[in-house]
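1. pasting the sequence and the predicted model now:
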Amino acid sequence: MSIDASAPLNFPDEDASSGSGEDVNMLDGHNNNDKRPRTSMPLSSGRRKRSRKATGDAIVDAMLEIATASKMRASAIMKNEDRFSISKCIKVLDDMQGVDQRLYFFALDLFDNPNARETFVSLKNDKRLMWLQGKWSASSNSIIYGVKN
């Protein structure tokens with residue numbers, strides 16, 4: 001028995017009773033002139049699934065990177081806050097020479113301001129007392145003369 005390779009193949013899913021069937025098949029995206037075997041999914045669906053999976057994986061990876069960066073930023077902020085904390089400022093103030101009681105308690109009030117804490121801790125040891133005395137003087141002048149800083 002010989003098979004003619006040029007003869008069209010008949011497949012069981014073709015409906016011979018519906019005429020050409022092109023109108024029905026064209027609506028669902030199939031062309032009857034294409035005689036390849038049909039599967040329940042289009043050929044590109046495998047690529048779409050892989051593409052969707054790759055996109056989903058990329059999104060998950062990006063979200064994990066964002067979470068990691070956020071944790072690192074929060075950690076850096078906490079270290080920065082610890083460096084300029086009120087307790088750190090008090091420790092530095094306690095180690096200073098020449099701070100009388102009024103200036104000491106003025107400094108404690110000044111440490112409520114995060115910018116003042118950062119400035120105080122960042123200054124070199126020999127500049128801190130002068131800076132505190134300047135703040136004290138400016139504060140005293142604003143009380144006496146009603147001038148705002």
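-> Perfect, I can see it now.
2. make it CA atoms for all contacts and neighbour counts henceforth
-> OK.
3. please enumerate the helices of this structure.
-> Per DSSP state H, the chain carries helices over the ranges 22-27, 45-83, 86-95, 101-110, 114-122, 125-145.
4. just name the most buried of those helices.
-> Among the helices of the chain, the stretch with the highest mean neighbour count (mean count of other Cα atoms under 10 Å) is helix 114-122, at a mean of 17.
5. please produce JSON lines containing the helices of the chain, extended by mean pLDDT.
-> Formatted as JSON lines, the helices of the chain follow (pLDDT from 0 to 100):
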{"stretch": "helix 22-27", "mean pLDDT": "48"}
{"stretch": "helix 45-83", "mean pLDDT": "81"}
{"stretch": "helix 86-95", "mean pLDDT": "94"}
{"stretch": "helix 101-110", "mean pLDDT": "96"}
{"stretch": "helix 114-122", "mean pLDDT": "95"}
{"stretch": "helix 125-145", "mean pLDDT": "88"}
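6. now the closest residue to L110 other than its chain neighbours: how far from L132?
-> Excluding its sequence neighbours, the residue lying closest to L110 (Cα to Cα, 6 or more residues apart in numbering) is A116, at 6.5 Å. Relative to L132, A116 is positioned 10 Å away (Cα to Cα, to the nearest Å).
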